[in-house]
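Chemist: Fold the following.
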Amino acid sequence: MTITRPPPVADFATLALAALGHHTLGARERDSGWSPHMLPVCVAALREVPAPHDARLQRLADALGLSDAELLAVALCLAADTDPAAARALAEAQAPIGGSRPLSGLLASVLAPLGATVASLACGAAVGCGLLRLGEEAAALAERSLSLPLHMIGVLTGHVITWDQVRVQAPVALALPGAIRAEASARARAVGAIARAGLVLRCAAASEALAVAHEVASALGCRLARIEGEPPRGIAPWLIAAEALPIFTPHPGPGERWACPDLAPYTGPWIVAPGIDGAIDGDPQGPPPDDWTLPVPRPEERALLWRQAGLSAVESDRAATNFRQGSGRIAEAAARAHIAARRAGRTVPDWRDVTEGVARGAATLDSLARRGVAEVNDDALVLPPGLRDSLNRLLRRARVRERLAQGLGPAVVARYRPGLRALLVGESGTGKTLAAHWLATRLGLPLYRIDLAALTSKWIGETEKNLSAILAAAEHADVLLFFDEADALFAARTDVGDANDRFANAQTNYLLQRIEEFDGIALLASNSRDRFDPAFVRRLDAILEFPMPEAPARRALWCAHLGDAHALDDTALDRLAVSVDLAGGHIRNVVLAAAARAVAETRRIGWEDIAQAARDEYAKLGRPAPELLL
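Modeler: Numbering: from 1, shown residues only. Got it, this is the predicted structure:
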């Protein structure tokens, strides 16, 4: 059909007001040349070449499938709220029944040439999706008003007004590696080409996930709108008009599922940043979401990120080697390092500032675990030569764990993860905890000791959630996790006799799987390796046996604990090493008890102080004390 172009009409609102004026004018004025039958032709012409300020409304009408009548109804409602003259014209046309917002009956009469009826307007797509709001007046349907919600008025006039649970995210000032930026653009193109496609961004750092989401939104030419909880009514037309990409940030736990809310008639892409755990279900009418776990940058990329954050080249390279962290964590740690440096009067952070920034950034673990504060050097750790060699090998492996699989065969590379898991086995007091602190000190990582009392729960599934939260936070913060009495968590599975056994075995299965997937460093301590599930032993990278010290080792322990605050000669030290058959932890208790007596009397530690303290320690253990006579 050939469209006969009418005289130029400014925009949709002007056309709607012209139709309103013709409807309300007397017979004499109606002979001005305008006819309601011209309305369909005029709307078709404007839809073909809309006015510049109507382009957003035109795109919205096309996306929602609005009829011509609904399009002009929206334009007239928008004019009523933004143009005082239009509001007065509507009030005069509807007096004395209606006010300045159009009633559905009036709109049906004015737009009748476009096929409008009261029912088609009140029950149409515009009202159904929340673009138009039907008034709550206690009146017949024809005498109920139609209006635009405030957020739609804002977006159609170039302003951003949102709901309490929706906010437009400002760009995150966070440097991202070039490889991640390129991957974000590629995935943006993929989800942008398919209706209702979703992208799952898995990352423990919320700031990094938001920065990547901004890269995706930028590649799609959209702004990013963060939706907390259930999307409000009317979000779909707002997303379309605002050219916004919705992002959700739920926090599902292990085994939990989260489903994308129904956003119809919005058919664009969406993003969800759930953290590490949980399964994500997409739109039932769309494809399965693209699940992307953000990788940790390569060492050279991390070094560049540290330099961009203001560190020297030397410290940047060292931090990139020691700390396996992503963009968000590096930015946080570097900011704290700069604060520490300024507090000390330095302009550029040194290595101590960097390690302090890394340690303080692990504060998210404080509610889940206890942070160890001890710095243990080589002299404080007294171990047999063979065990010290094993501990040094574990330290070397921890330092090279990220590049350990480089150049190896595909059977290794296919399943390799940079996590490190070691079991420290020995009697109480043999140095397991001290060795864990020594390893953390040499690596420059904060040590967090897991509180099993706070971790375990009688409720089914809660222990798994707590452990998953700890491991996810530890991976993000790059800390050394120390599980004391670990056999309480990773005990051997039993034969299923009742429901309790079944749930206990299911819990053990999950814990074994999750600890194997852990990308950080985990040390587990126990008094006996026999208590562990055999399947767990395979998942360990090293098992270190801490034996009870022999006499030479005990002498070194006495010297390391006593220091210079004693009056014992070599003969007395030899006698202690031979006679007092205690581990290092008990020797520490003896020295502290002896020091209490000596300090109270303002003198150095003597033999009798040690002898009495040793007798007390043996009594605590329920063992007979040796004869300690010089």
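
Chemist: which residues of the stretch 501-630 of the chain fall in helices?
Modeler: Under the criterion DSSP state H, counting those that start in this stretch, the stretch 501-630 of the chain contains helices at 534-538, 551-562, 570-579, 584-600, 607-621.

Chemist: okay if I get those as CSV plus distance to Glu256 and mean neighbour count?
Modeler: In short, each C-beta sits where N, CA and C put it, glycine included. As requested, the helices of the stretch 501-630 of the chain are exported to CSV (distance: least, Cβ to Cβ, whole Å; neighbours: other Cβ atoms under 10 Å):
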stretch, distance to Glu256, mean neighbour count
helix 534-538, 25, 14
helix 551-562, 49, 19
helix 570-579, 56, 16
helix 584-600, 41, 18
helix 607-621, 46, 18
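
Chemist: okay, these in CSV with distance to Leu17 and mean pLDDT next?
Modeler: Shown next, in CSV, are those (distance: least, Cβ to Cβ, whole Å; pLDDT from 0 to 100):
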stretch, distance to Leu17, mean pLDDT
helix 534-538, 76, 73
helix 551-562, 92, 88
helix 570-579, 102, 86
helix 584-600, 88, 89
helix 607-621, 94, 88
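
Chemist: and of those, who's closest to Ser145?
Modeler: helix 534-538 (68.2 Å; Cβ to Cβ).

Chemist: which other helices and strands contact that closest one?
Modeler: In this structure, helix 534-538 packs against helix 499-517, with contacts taken as 3 or more Cβ pairs under 8 Å, 6 or more residues apart in numbering; DSSP states H and E.

Chemist: re the thing from before, right, and the helices of the stretch 501-630 of the chain - which one's nearest Gly345?
Modeler: Proximity of the helices of the stretch 501-630 of the chain to Gly345 was assessed by Cβ to Cβ; the nearest stretch is helix 551-562, lying at 35.4 Å.

Chemist: still on that earlier bit, got the helices of the stretch 501-630 of the chain as a markdown table, with distance to Ala18 columns?
Modeler: Rendered in a markdown table, the data for those read as follows (distance: least, Cβ to Cβ, whole Å):
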| stretch | distance to Ala18 |
| --- | --- |
| helix 534-538 | 79 |
| helix 551-562 | 96 |
| helix 570-579 | 106 |
| helix 584-600 | 92 |
| helix 607-621 | 98 |
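
Chemist: out of those, which comes closest to Ala469?
Modeler: Closest approach to Ala469 among the helices of the stretch 501-630 of the chain (Cβ to Cβ): helix 534-538, 20.8 Å.

Chemist: Pull the contacting residues for Thr293.
Modeler: Applying Cβ atoms under 8 Å, 6 or more residues apart in numbering to Thr293 gives the contacts 202-203, 276.

Chemist: my guess is Ala598 meets Ile605, correct?
Modeler: Yes. The criterion here is Cβ atoms under 8 Å, and Ala598 meets it with Ile605 at 4.5 Å.

Chemist: ok so, going back, can you lay out the contacts of Thr293 as a markdown table showing neighbour count and secondary structure?
Modeler: Shown next, in a markdown table, are the contacts of Thr293 (neighbours: other Cβ atoms under 10 Å; DSSP: H, G, I helix; E, B strand; the rest coil):
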| residue | neighbour count | secondary structure |
| --- | --- | --- |
| Arg202 | 18 | strand |
| Cys203 | 27 | coil |
| Ile276 | 19 | coil |
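
Chemist: out of those residues, who's nearest Pro84?
Modeler: Nearest to Pro84 out of these is Cys203 (Cβ to Cβ; 49.9 Å).

Chemist: which ones are touching that closest one?
Modeler: Here Cys203 is in contact with 209, 212, 273, 275-276, 293-294, 326, 328 (Cβ under 8 Å, 6+ apart).

Chemist: what's the nearest residue to Arg403 if we skip its chain neighbours?
Modeler: Nearest residue to Arg403 in three dimensions, chain neighbours excluded: Pro299, at 7.5 Å (Cβ to Cβ, 6 or more residues apart in numbering).

Chemist: do the same with Ala93
Modeler: Once flanking residues are discounted, Ala93 sits nearest to Thr24: 4.5 Å by Cβ to Cβ, 6+ apart.

Chemist: wait, isn't that neighbour in contact with Ala95?
Modeler: No. In terms of Cβ under 8 Å, Thr24 does not count as a neighbour of Ala95; the distance is 10.4 Å.

Chemist: So for those two, which residue has more residues nearby?
Modeler: Neighbour comparison, Thr24 and Ala95: the larger count goes to Thr24, with 16 against 9 (by other Cβ atoms under 10 Å).

Chemist: Look up the pLDDT of the more buried one for me, please.
Modeler: pLDDT, Thr24: 80.

Chemist: Repeat that for Ala309.
Modeler: Ala309 carries a pLDDT value of 91.

Chemist: Of the helices of the stretch 501-630 of the chain, give the one that comes closest to Pro384.
Modeler: Of all the helices of the stretch 501-630 of the chain, helix 551-562 sits nearest to Pro384, with 6.1 Å by Cβ to Cβ.

Chemist: how big is the angle separating that closest one from helix 584-600?
Modeler: Here helix 551-562 runs at an angle of 40 degrees relative to helix 584-600 (axes from the mean of the first three to the mean of the last three Cα atoms, to 10 degrees).

Chemist: Can you tell me how far the nearest residue to Ala209 once chain neighbours are set aside is from His214?
Modeler: Excluding its sequence neighbours, the residue lying closest to Ala209 (Cβ to Cβ, 6+ apart) is Ala273, at 4.0 Å. Separation of Ala273 from His214 (Cβ to Cβ, to the nearest Å): 11 Å.

Chemist: rewinding a little: which residues are in contact with both of Ala598 and Ile605?
Modeler: Ala565.

Chemist: okay, and for the stretch 451-600 of the chain, where does confidence drop off?
Modeler: Along the stretch 451-600 of the chain, segments meeting pLDDT under 70 span 451-461, 464, 476, 488-509, 533.

Chemist: where does the stretch 151-300 of the chain have low pLDDT?
Modeler: Low-confidence segments of the stretch 151-300 of the chain (pLDDT under 70): 254-255.
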